[in-house]
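> following is a predicted model, sequence given first.
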Amino acid sequence: MSIAFDEPALADAEEIARVHVQCWQETYAGLLPAEFLRTLSADARVTQWQEAISDPDVFICVAREAGRIVGFVSCGSAREDAAKEADGEIFAIYNLKAYHGRKIDRALIAAAARFWLSKGGRNLIVLSMAGNNQAAAFYEALGGVRVYEGSFEIAGTRIGDIGHLFNNLAELAALA
């Protein structure tokens, strides 16, 4: 089946939250405490996604197969910690593990780049957890340059944070 890309409706918030939690559990096993990942709740994230979908300053694009959301990206103005490096930020980009290798993530990055260019943006930063080598390799393969290293705390555990900067938005926007 083919993958379709579109902007979600408010009614999609629950499904995005479900995909978000499943992706965290698939991606961060071994990087985050197992108990924390086990207790993540899609229900607890629905309001977050309803607010994001309703926010005109946040762009969200979802990937769907047979109408079912299998991945998403969200972006907008860089948050304070990332704003030193970029004017825009990819807040989240995920696709279900069963869909890796189908270039969904490339299409989602392209959609974010097109959106940010349309807003007059010059660049985008994306943060990832240290140890998520697959994400770092993906961002670097697309021209992302490592510009930031920091840390944050989650579930009582200090986690390394890496920022990749994309100055090549026109190139990214042209990805298929």
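Perfect, thanks for sending it. Numbers count the residues shown, from 1 in each chain.

> after the lowest-mean-pLDDT helix or strand in the chain comes which helix or strand?
Least confident element among the helices and strands of the chain, by mean pLDDT, DSSP states H and E: strand 145-154 (a mean of 90). Counting by DSSP states H and E, the next helix or strand C-terminal to strand 145-154 is strand 157-166.

> other SSEs contacting that next one?
Judged by 3 or more C-beta pairs under 8 Å, 6 or more residues apart in numbering; DSSP states H and E, strand 157-166 is in contact with strand 124-129, helix 133-141, strand 145-154. Where you see a C-beta, it was placed from the backbone N, CA and C, and this is true even at glycine.

> what angle separates the least confident helix or strand of the chain from strand 124-129?
Our comparison of strand 145-154 with strand 124-129, counting by axes from the mean of the first three to the mean of the last three C-alpha atoms, to 10 degrees, yields an angle of 50 degrees.

> buried set for strand 145-154?
Of all the residues in strand 145-154, those buried under the rule 16 or more other C-beta atoms under 10 Å are 147-148.

> again with stretch 115-132
Neighbour-count burial for stretch 115-132 [16+ other C-beta under 10 Å]: 115-117, 121, 123-129, 132.

> same deal with stretch 45-58?
Those would be 45-46, 49-50, 52-53, for stretch 45-58 by 16+ other C-beta under 10 Å.

> list the contacts for the closest residue in space to Glu89 that isn't next to it in sequence?
The shortest distance from Glu89 to any non-neighbouring residue, by C-beta to C-beta, 6 or more residues apart in numbering, is to Ala78 (4.1 Å). Listed by C-beta atoms under 8 Å, 6 or more residues apart in numbering, the contact partners of Ala78 are 85-89, 125.

> nearest to Phe36 among those?
Glu89 (23.8 Å; C-beta to C-beta).

> and the buried residues of stretch 45-58, which of them are in helices?
45-46, 49-50, 52-53 (DSSP state H).

> including distance to Glu140 and pLDDT, could those go into JSON lines?
Putting those into JSON lines (distance: C-beta to C-beta, whole Å; pLDDT from 0 to 100) gives the following:
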{"residue": "Arg45", "distance to Glu140": "29", "pLDDT": "96"}
{"residue": "Val46", "distance to Glu140": "33", "pLDDT": "97"}
{"residue": "Trp49", "distance to Glu140": "29", "pLDDT": "98"}
{"residue": "Gln50", "distance to Glu140": "34", "pLDDT": "98"}
{"residue": "Ala52", "distance to Glu140": "27", "pLDDT": "98"}
{"residue": "Ile53", "distance to Glu140": "30", "pLDDT": "98"}
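
> which one of those residues sits closest to Gly160?
When these are compared against Gly160 (criterion: C-beta to C-beta), the nearest one is Arg45, at 23.2 Å.

> now do the buried residues in stretch 167-174.
168-169, 172-173.
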